[in-house]
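Undergrad: Fold the stuff below for me.
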Amino acid sequence: MNDYGFLSILPPLVAIFLALKTKQVYISLVFGIWFGWLIINDWNILDGTIGTLEGFVDVFKSPGNTRTIMFSALVGALLIFIQYSGGVQGFMLIINKALKSYEKKQSGKSRVVVQLFALATGVLIFIETSISSLTVGTLYRPIFDKLKIPREKLAYIADSSSAPTSILIPFNAWGAFIMGLLIAQGIESPLTTLATSLVYNLYPMLTILLVFILIVTKKDFGPMAKAEKRTRETGKLLNDNARPMVSDEITSCEMKDGIKPRAINMILPLLTMILMMIVSLSFTGWDKVEGANSLFGHFINSLGHGSGSSAVLYSVSSAILAAMILYRVQGIMRLRKMVELVLKGISELIPLALLMVLAFSISEVCNTLGTGLFVANFSKDWLSPELLPVVIFVLSSFIAFSTGTSWGTFAIMISLAIPMAQLHDSNIYLIVAATIGGGVFGDHCSPISDTTIISSMASASDHIDHVKTQLPYALFTGGVTAVIYLILGFVVG
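TA: Next up is the predicted model:
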């Protein structure tokens, strides 16, 4: 691999800067990708342009990428289904009835309760981040809209309760991936190491705690406070110039005339998706498990070894099939109408699928340029043992922010952090936690992260508005985490 040095970090930084400055996410990403290929091809404009186009094609060489893109498109069909069938309206009737007493007793109380429900839902669905964000956004968007809670707040709750929970309850593909990386570094008890490191994994814990505090105290700050004020005073759920990740065709699909709203028409497909996520993870990871002492142990281990991209695709496909059967039994729609709605839903989410292609493309550019390795190697020679935890946290954060992937960050940083911890005789659990927490922090902040994109989509929020309103909260929590790691480096490091 060529050593591109400082140039390796420019493409993602350029793309992120342009996206935040212009709010033109697609153009910014394309320019960042093109700039990266220009560097790779020694500044030859023709070769750089051809490399960019071929890079888009190469995204689909990865089965995991292709499954995720298909999942992103199929979500549109599920969203239209549950609205046309009266499922969303039925769920809203149940929630409204449950909140009626709160609305009578105390103004604004129902807003707090609904947001806490959304947070709890995201925490409970720890098995996969995309399913968590999607479920929270889909379930609670109509209720948030009715209670005049800005879309940015829903996106923040969905995003902040997905990856942080998945990393704190690692009985999923995240846990298996990290344990595999630990094994590769010669760690004999990866599960024990990962479990013990969770005590020091401060960023995810503080993130969930901050969401809870903000909901209960109603003391937002920064851009989110402005969004809350806008919605409270004008009733506008989005900024005037906002471009929601999901079109009005998806979020405002009318219920079929003459049918009774039934919450089951939404709840059953979503439950199917969640349950099939677990089944699919077990199915795809079953043959990879060795040495389990019991059937239950084999099942738990298989969840961690399963394919996340396969599971999300299988689960959303199963949810659509379950919805079709349910609606046909009720006589709500025939096969021809179902196919029509599926195609309509997919077409409305083509922009999201395109955004995922661009996100994967710039990630590949970063891999080719060695962005993560450059950042990691930049500091390894001058680190002191006391500073190691905080520097590892900051480096992991920057790599994840620049590349938009926490998984790629884990792969890069764990292979560097473990040997550095052993060399400096540092607390291995603290270093593992700093690496993982930094990856989640950077991914949480990054506008090119797939989890950030899906949270915007599920909440029908403007993507850049979601990033801007979430960023101060993430930076605050990340800053507190960094300070604590600095202290712990001197105390237990």
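Undergrad: any idea how far Ile80 lies from Asp425?
TA: 58 Å (C-beta to C-beta, to the nearest Å). From N, CA and C alone the C-beta is placed, and that goes for glycine too.
Undergrad: Which one of the two is surrounded by more residues?
TA: A count of neighbours by other C-beta atoms under 10 Å puts Ile80 above the other of Ile80 and Asp425, at 23 against 9.
Undergrad: residues contacting the closest residue in space to the more buried one that isn't next to it in sequence?
TA: Nearest residue to Ile80 in three dimensions, chain neighbours excluded: Gly345, at 4.2 Å (C-beta to C-beta, 6 or more residues apart in numbering). Counting by C-beta atoms under 8 Å, 6 or more residues apart in numbering, Gly345 makes contact with Leu74, Val75, Gly76, Ala77, Leu78, Leu79, Ile80, Phe81, Ile250.
Undergrad: Now with 10 Å, please.
TA: Under the criterion of C-beta atoms under 10 Å, 6 or more residues apart in numbering, the neighbours of Gly345 are 73-81, 83-84, 249-250, 253, 320.
Undergrad: Buried ones among those residues?
TA: Buried members of those, scored by 16 or more other C-beta atoms under 10 Å, are 73-81, 83-84, 250, 253, 320.
Undergrad: want to throw these into a markdown table with distance to Asp58?
TA: Supplementary listing: those in a markdown table, determined by distance: C-beta to C-beta, whole Å:
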| residue | distance to Asp58 |
| --- | --- |
| Ala73 | 19 |
| Leu74 | 23 |
| Val75 | 24 |
| Gly76 | 25 |
| Ala77 | 27 |
| Leu78 | 29 |
| Leu79 | 30 |
| Ile80 | 31 |
| Phe81 | 33 |
| Gln83 | 36 |
| Tyr84 | 37 |
| Ile250 | 30 |
| Cys253 | 35 |
| Ile320 | 29 |
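Undergrad: just these now: which is nearest Pro150?
TA: Closest approach between the buried ones among the contacts of Gly345 and Pro150, by C-beta to C-beta: Ile250, at 18.4 Å.
Undergrad: what's the pLDDT at that closest one?
TA: pLDDT, Ile250: 60.
Undergrad: again with Val432
TA: Listed pLDDT for Val432 reads 93.
Undergrad: so where does it fall, helix or strand?
TA: helix 428-445 (DSSP states H and E).
Undergrad: Any idea how far that helix is from the middle of the chain?
TA: 15 Å (C-alpha atoms, centre = their mean, to the nearest Å).
Undergrad: can you tell me the average pLDDT over the very next helix or strand once past it?
TA: Once helix 428-445 ends, the next helix or strand along the chain (criterion: DSSP H and E) is helix 450-459. In this model, helix 450-459 has an average pLDDT of 85.
Undergrad: how many degrees apart are helix 450-459 and helix 428-445 in direction?
TA: Counting by axes from the mean of the first three to the mean of the last three C-alpha atoms, to 10 degrees, helix 450-459 lies at 40 degrees to helix 428-445.
Undergrad: buried stuff in helix 450-459?
TA: In helix 450-459, counting by 16+ other C-beta under 10 Å, buried: Asp450, Thr451, Thr452, Ile453, Ile454, Ser455, Ser456, Met457, Ala458, Ser459.
Undergrad: for it, packing partners?
TA: If contacts are counted by 3 or more C-beta pairs under 10 Å, 6 or more residues apart in numbering; DSSP states H and E, helix 450-459 sits against helix 63-84, helix 129-146, helix 151-160, helix 163-168, helix 350-369, helix 406-424, helix 428-445, helix 463-491.
Undergrad: Least confident of the ones you listed, on average?
TA: Mean pLDDT is lowest for helix 406-424 among the helices and strands packed on helix 450-459, at a mean of 75.
Undergrad: That one - contacts with which helices or strands?
TA: Against helix 406-424 (3+ C-beta pairs under 10 Å, 6+ apart) you get helix 163-168, helix 173-184, helix 350-369, helix 371-379, helix 388-403, helix 428-445, helix 450-459.
Undergrad: Ile94 versus Val113, what's the distance?
TA: 14 Å.
Undergrad: Compare those two (neighbour count), which wins?
TA: When Val113 and Ile94 are compared for neighbours, Val113 comes out ahead with 16 against 12, by other C-beta under 10 Å.
Undergrad: what about the more buried one, which helix or strand?
TA: Going by DSSP H and E, Val113 is part of helix 109-124.
Undergrad: Run the angle between that helix and helix 450-459 for me.
TA: 140 degrees.
Undergrad: which secondary structure elements does helix 109-124 contact?
TA: helix 87-105, helix 129-146, helix 151-160, helix 163-168, helix 202-217.
Undergrad: Which positions within it qualify as buried?
TA: The neighbour-count check on helix 109-124 (16+ other C-beta under 10 Å) flags Ser110, Arg111, Val112, Val113, Val114, Gln115, Phe117, Ala118, Leu119, Thr121, Gly122, Val123 as buried.
Undergrad: quick one: that helix to chain centroid distance?
TA: Using C-alpha atoms, centre = their mean, the offset of helix 109-124 from its chain centre is 18 Å.
Undergrad: before we move on, back to that, out of the buried residues of helix 109-124, flag the one nearest to Asn265.
TA: Of the buried residues of helix 109-124, the one sitting nearest to Asn265 (C-beta to C-beta) turns out to be Thr121, at 18.3 Å.
Undergrad: leaving aside the residues next to it on the chain, what's closest to that closest one?
TA: Spatial nearest neighbour of Thr121, chain neighbours left out: Val136 (5.4 Å); criterion: C-beta to C-beta, 6+ apart.
Undergrad: now do Met266
TA: In this structure, Met266 finds its nearest non-sequential neighbour in Gly87, 2.9 Å apart by C-beta to C-beta, 6+ apart.
Undergrad: same thing with Ile82?
TA: Nearest residue to Ile82 in three dimensions, chain neighbours excluded: Met266, at 4.2 Å (C-beta to C-beta, 6+ apart).
Undergrad: which strands and helices sit next to the regular element (helix or strand) spanning the one you found?
TA: In this structure, Met266 sits in helix 264-285 according to DSSP H and E. Where contact means 3+ C-beta pairs under 10 Å, 6+ apart, helix 264-285 is packed against helix 63-84, helix 87-105, helix 129-146, helix 173-184, helix 295-305, helix 308-330.
Undergrad: Summarise which helices and strands the last one is packed against.
TA: Which is helix 308-330. So helix 308-330, by 3+ C-beta pairs under 10 Å, 6+ apart, packs with helix 63-84, helix 87-105, helix 129-146, helix 173-184, helix 264-285, helix 335-348.
Undergrad: Mind doing that once more with 7 Å?
TA: Here helix 308-330 touches helix 63-84, helix 129-146, helix 264-285, going by 3 or more C-beta pairs under 7 Å, 6 or more residues apart in numbering; DSSP states H and E.
Undergrad: between the contacts of Gly345, which is nearest His444?
TA: For the contacts of Gly345, the nearest to His444 is Val75 (21.1 Å; C-beta to C-beta).
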